[in-house]
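Asks: dropping the sequence and predicted coords here.
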Amino acid sequence: MRIVAVLLASFAAALPASATGEGPPPEQLFLEFGLFGTWASHCAAAASPANPHVMISQPTPGLILEEHHLGPDYALNRYSVLSAERLSKTRLSVVVLLHPGAEDQERQKLIFVIHGHTRRTMFNQADGGAVRVKDGIALARGSKTPLLHKCE
């Protein structure tokens with residue numbers, strides 16, 4: 001019984017602050033950072049791989065969805081936010097599920113920089129996988145991640 005208690009305590013200590021109830025819930029952080037709504041590199045231009053349209057919504061309390069539209073020739077990427085943690089005044093760490101509920105669902109950790117009405121992905125790594133984005137650079141392409149602007 002003592003071993004179970006120690007394992008549970010260790011697990012709880014490893015969770016992000018918002019998942020353990022020690023920090024603000026993800027909904028509050030997304031509101032504080034102004035993340036709900038639509039984001040794009042060029043809001044008036046059509047969605048494309050070079051101009052992703054990212055829509056962040058809360059269809060029900062406790063559920064935050066992020067959808068990435070890359071244009072009509074590409075599948076929609078849907079993320080469900082599991083937890084969020086404020087790292088600084090401009091940085092937010094989130095844990096998400098890519099394709100939630102699908103066979104290929106994947107848990108990922110991301111870090112965003114949000115400043116003014118812009119957002120950039122600075123870090124992305126799937127659980128147990130290689131780092132995909134580091135310091136705002138998509139490592140597979142060697143290019144900066146898109147700087148997204150809040151669309152009005």
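Replies: Structure's in. What do you need? Residues are numbered from 1 along each chain as shown.
Asks: quick one: low-confidence ranges for the chain?
Replies: Low-confidence segments of the chain (pLDDT under 70): 1-21.
Asks: so what's the residue nearest to W39 when sequence neighbours are not counted up against?
Replies: Leaving aside its sequence neighbours, W39 sits nearest to L148 (Cβ to Cβ, 6 or more residues apart in numbering; 3.9 Å). All C-beta spots, glycine's among them, are computed from the backbone N, C-alpha and C. Residues near L148 by Cβ atoms under 8 Å, 6 or more residues apart in numbering: W39, A40, S41, P52, V54, T118, R119, R120.
Asks: among the residues you listed, name the buried ones.
Replies: W39, A40, S41, P52, V54, R119, R120 (16 or more other Cβ atoms under 10 Å).
Asks: in TSV, list the residues you listed along with secondary structure and distance to H68.
Replies: Listed next are the buried ones among the contacts of L148 as TSV, based on DSSP: H, G, I helix; E, B strand; the rest coil; distance: Cβ to Cβ, whole Å:
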residue	secondary structure	distance to H68
W39	strand	10
A40	strand	10
S41	coil	12
P52	coil	5
V54	strand	5
R119	strand	12
R120	strand	14
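Asks: nearest to G62 among these?
Replies: Using Cβ to Cβ, V54 comes nearest to G62 of the buried ones among the contacts of L148, at 20.5 Å.
Asks: dump the residue contacts of the residue nearest to that closest one when sequence neighbours are not counted.
Replies: Nearest non-adjacent residue to V54, counting by Cβ to Cβ, 6+ apart: W39, 4.4 Å away. Contacts for W39 (Cβ under 8 Å, 6+ apart) come out as H53, V54, M55, I56, R119, L148, H149, K150, C151.
Asks: isn't the second one up against L65?
Replies: No - shown here, V54 and L65 do not form a contact pair, counting by Cβ atoms under 8 Å, at 10.9 Å.
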